[in-house]
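Enquirer: Please find the sequence and the predicted model below.
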Amino acid sequence: MARHAEASGSPRPPSVERVLAAVRGRVDGTVDPSVLRTFARRVVDDERTRLQAGAEPRDVAELAAAVEAGLAAGPDALSMAFAPVINATGVIVHTNLGRAPWPDEAARLALGAATGYLLLELDPKTGRRGRRFRAAEDALVELTGAEDALVTNNNAAALALAVGLAGRAGVAVSRGELVEIGGGVRIPDIVRRAGARLVEVGTTNRTRTADFEEALETGRIRVVLRVHPSNFAQTGFVEAPDPAELADAAHRHGAIVVDDLGSGALLDTARFGLAHEPMPGERLAAGSDVVTFSGDKLVGGPQAGLAVGRSDLVARMRRDPLARAMRPDKTTLAALAATLELYRTGRAERAIPVWRMIAAPADVVRERASELFAQLPDVASASVVELQSTVGGGSLPGETLPSWGVAIGVRSAGRLATALRRGRPSVVARVEGGRVVLDLRTVLDDQQPLLAGAIERAVAATGGPAG
């Protein structure tokens, strides 16, 4: 098998142009040149990754054949790109892996909505247009004690609509809560894009109700915005206002309180040995007028923004012209309704994957790690190890759960991690102390039988275990 030129000690794939030249004589002239180039580039990129993982180089003819196979596969190639991944990182809500895996009930209901029709905006009694599908919003009202609820396509959208309640007036925010919430989106940017005036209050580490009172006394503040630090933690000389005390102060001055919780747990995280994450119902009971949170983090469902609170304020958010641009589609509404029904019927801890992973006892995870280890007789460098898992997804920063997994020592941990990611199924692990570590807390039950074979193939492809 021919080897390509080397750079920095590693083989290099041939150029896209060389592969294109080889493949043009193998396909008919009806293939769009831009499509041909796209597939050639994908094959060369794939070859580069294979070489970095230590695989044997393929020659130009083999790569041209791979381009042909990709063209012939059509939609199947896209299906491979969206093939399920085994998450062995120990990060439960992994942003880069799609955050929360859906409950089975949510997937079934979403599939039904996607492949057929449903009464999305039709009143079955009158046969006329009715209110948009309300099952998820009605469940939110019941679960949080809110007067009304609104579902948007993500929490940033829900927050933007809530901040828009200020109009052109002031939005008071503690300097310690002027955070970046992900994807480069920052709270000051959201406030300004909503057309409101940002009023910074207090200091980075200490803000009191009295600081807000000073701003409220100007009569120019319409919204007091609280942003829960769900993706970072402050320790040491810090102070934040009591939620109920701050709400009282805002209401005395004719302002409303918008509380952005980010993750928005609907179960008490303290029950599982974690710090208590503020719950939407708690913040509403403490006087917040609107609370926003995500559907795909600790709620454990599809990506969605959830806003609960006073009926008059939620109605104004619903009437905002931007609300239509931010509303979710029928599959999201169906999946979210199914997820929330699991909370309503007391089945969330057992049926929602995020909570099932959080609630799994450490000895159960250890047993699963031991089972995996027993299936790896040819990987002599494997061992069962004690680990720490995290919730992730901008939730409960600094909090961990005791866990167990399997560690594998090889000549190059980086190459093995790459080979695992590029395998079928794709396995995403972490590298610690020169070893590849697979945390079993985040491996779904039906995926564990596939894991041993994936590990053995990746170890073999990278030269075997360390000597």
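Expert: Yes, it's here. Predicted model only: the values in this text are computed from it and were never measured.
Enquirer: quick one: strands adjacent to the biggest strand by length in the chain?
Expert: Of all the segments of type strand in the chain, defined by DSSP state E, the longest one is strand 395-409. According to DSSP bridges, the neighbouring strands of strand 395-409, each with its direction, are strand 382-392 (antiparallel), strand 435-439 (antiparallel).
Enquirer: Just put those strands in CSV and tack on distance to I455.
Expert: Every C-beta, even on glycine, is put in place using the N, C-alpha and C of the backbone. Below are the strands paired with strand 395-409 laid out as CSV (distance: least, Cβ to Cβ, whole Å):
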stretch, distance to I455
strand 382-392, 8
strand 435-439, 7
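Enquirer: Single out the most deeply packed of these.
Expert: strand 435-439 (a mean of 25; mean count of other Cβ atoms under 10 Å).
Enquirer: quick one: average confidence on stretch 50-60?
Expert: Averaging the model's pLDDT scores along stretch 50-60 yields 82.
Enquirer: Repeat that for stretch 293-310.
Expert: The average pLDDT within stretch 293-310 is 97.
Enquirer: send the alpha carbons of it over as CSV?
Expert: The C-alpha coordinates for stretch 293-310 follow below in CSV (Å, rounded to 0.1, in the frame of the first residue of the first chain):
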residue,chain,number,x,y,z
PHE,A,293,-35.3,28.2,32.2
SER,A,294,-34.2,25.6,29.6
GLY,A,295,-36.0,22.5,28.5
ASP,A,296,-32.9,20.5,27.5
LYS,A,297,-30.7,20.8,30.6
LEU,A,298,-32.0,19.6,34.0
VAL,A,299,-35.5,19.3,32.7
GLY,A,300,-34.1,16.6,30.5
GLY,A,301,-36.2,17.1,27.4
PRO,A,302,-35.8,18.8,24.0
GLN,A,303,-34.2,22.2,23.5
ALA,A,304,-36.7,24.8,24.5
GLY,A,305,-37.1,28.0,26.5
LEU,A,306,-39.6,27.9,29.2
ALA,A,307,-41.2,31.1,30.7
VAL,A,308,-43.6,30.9,33.7
GLY,A,309,-45.2,33.6,35.7
ARG,A,310,-47.9,36.2,35.9
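Enquirer: what's the spacing between it and its chain's center?
Expert: 12 Å (Cα atoms, centre = their mean, to the nearest Å).
Enquirer: With stretch 194-212 instead?
Expert: Relative to its chain's centre, stretch 194-212 lies at 29 Å (Cα atoms, centre = their mean).
Enquirer: what's the span of that stretch, first residue to last?
Expert: Taking Cα to Cα, to the nearest Å, stretch 194-212 runs 21 Å from one end to the other.
Enquirer: same check, this time on stretch 214-223
Expert: Length of stretch 214-223, first residue to last, Cα to Cα: 14 Å.
Enquirer: try stretch 275-287
Expert: For stretch 275-287, by Cα to Cα, the gap between its terminal residues amounts to 22 Å.
Enquirer: for the stretch 351-467 of the chain, which spans come out with low pLDDT?
Expert: Per-residue confidence for the stretch 351-467 of the chain (pLDDT under 70) gives these ranges: 464-467.
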